[in-house]
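> Just need the structure, nothing else, for what follows:
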Amino acid sequence: MRDGLQYLRRRRGAKWERLQSVEPQPIYVWLDRTLRVRMIPRGDIARVIYLLQPFVWIGRGFEQLQIRYFASLLSAHSVVLDIGANAGVYSLAANRITHGRARVVAVEPSSHSFELLTRNIAANDAAVKPIRSAVADQPGTAKLGLPAGVPTGFGDAYLSLAAAGPGEVVGVDTIDRIVISEGLGELGVIKIDVEGWQLRALLGAQQCLTSASECTVIFENPPDELNTHIPGYSQEETFRLLRELGYSILRWEGKSLIPFGDKVSPSGDFVARKGKGK
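Below is the predicted model:
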């Protein structure tokens, strides 16, 4: 069995390399067993999704559990904010699941990833509004840094207040300001993937998080030691803020979402919920 899986990975890897040698055209990829979108075969997110295609049918595709849960939250009336959209996987999924009827806004600061995002939106003729911006607790500018040895566009790019180091200067806005400027009204789902910047992002979203009667926030919480670029950052502050705003917190453990307790490691993938089904 293991040999067979390794063979499939090698075979998909060889096909991916061949795709890199020609002018990129959109290809179909499966995100779940009944969820298919078109993506430009460029960038590490698309590469991982492509390599894992044979494993979607056994539930081992790219973030498949999280995408399936995300899909369960959506309806034609949903208002979705995809923060740190990268190539737009969650935004494209929301558009496909709701047949273009949900209001979806995708926010991405990286110039490289934003180009892929807009091309993927066009390839799917998706009703998704792309915005090139980072998010924090106040508007301004910041450096979008890259870990040593990581190519531009990889999902581990992070925001930093430091001017030194590789990366690009990007505009910063708050989620509350984006919600107002786009006329989004009450948010239903927020996906946040900002490589450790989630506390700053949530601090800039307090108005919309408080005013929402029902809202789900899907986010990743990396270990403190991976967030040395954020002065004063602490994982516990993220959870404290969400609880103060009336959200209950659950954590992914294997294939299940379970209530998050203080004695459990605060690193991992989380869901914060407010309102019905809390």
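
> quick one: low-confidence parts of the stretch 1-150 of the chain?
For the stretch 1-150 of the chain, the stretches flagged by pLDDT under 70 are 1-5, 146-150.

> Could I get the full set of strands for it?
Using DSSP state E, counting those that start in this stretch, the strands of the stretch 1-150 of the chain run over residues 27-32, 35-39, 79-83, 103-107, 128-131, 134-135, 140-145.

> Show me the one of the ones you listed that comes nearest residue 273.
Residue 273 lies closest to strand 79-83 among the strands of the stretch 1-150 of the chain, at 15.1 Å (Cβ to Cβ). C-beta coordinates here come from the backbone N, C-alpha and C atoms, glycine included.

> Spell out which residues sit in contact with residue 56, please.
Counting by Cβ atoms under 8 Å, 6 or more residues apart in numbering, residue 56 makes contact with 30-33, 64.

> and those residues, which are buried?
With burial judged by 16 or more other Cβ atoms under 10 Å, the buried subset of these is 30-32, 64.

> Switch those residues over to JSON lines; also include distance to residue 247.
Formatted as JSON lines, the buried ones among the contacts of residue 56 follow (distance: Cβ to Cβ, whole Å):
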{"residue": "30", "distance to residue 247": "32"}
{"residue": "31", "distance to residue 247": "26"}
{"residue": "32", "distance to residue 247": "26"}
{"residue": "64", "distance to residue 247": "25"}
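
> In this structure, which helix is the longest?
helix 2-19 (DSSP state H).

> I would like the residues contacting that one, please.
Contacts for helix 2-19 (Cβ under 8 Å, 6+ apart): 27, 41, 47, 50-51, 53-55.

> picking that back up, output the strands of the stretch 1-150 of the chain in TSV; the columns should cover distance to residue 217.
Listed next are these as TSV, based on distance: least, Cβ to Cβ, whole Å:
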stretch	distance to residue 217
strand 27-32	20
strand 35-39	22
strand 79-83	10
strand 103-107	14
strand 128-131	18
strand 134-135	13
strand 140-145	22
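
> Highest mean neighbour count out of those?
When the strands of the stretch 1-150 of the chain are scored by mean count of other Cβ atoms under 10 Å, the highest mean neighbour count falls to strand 134-135 (a mean of 28).

> Packing partners of it?
strand 167-173 (3 or more Cβ pairs under 8 Å, 6 or more residues apart in numbering; DSSP states H and E).

> Is there a neighbour count for residue 113? I'd like the number.
25 (other Cβ atoms under 10 Å).
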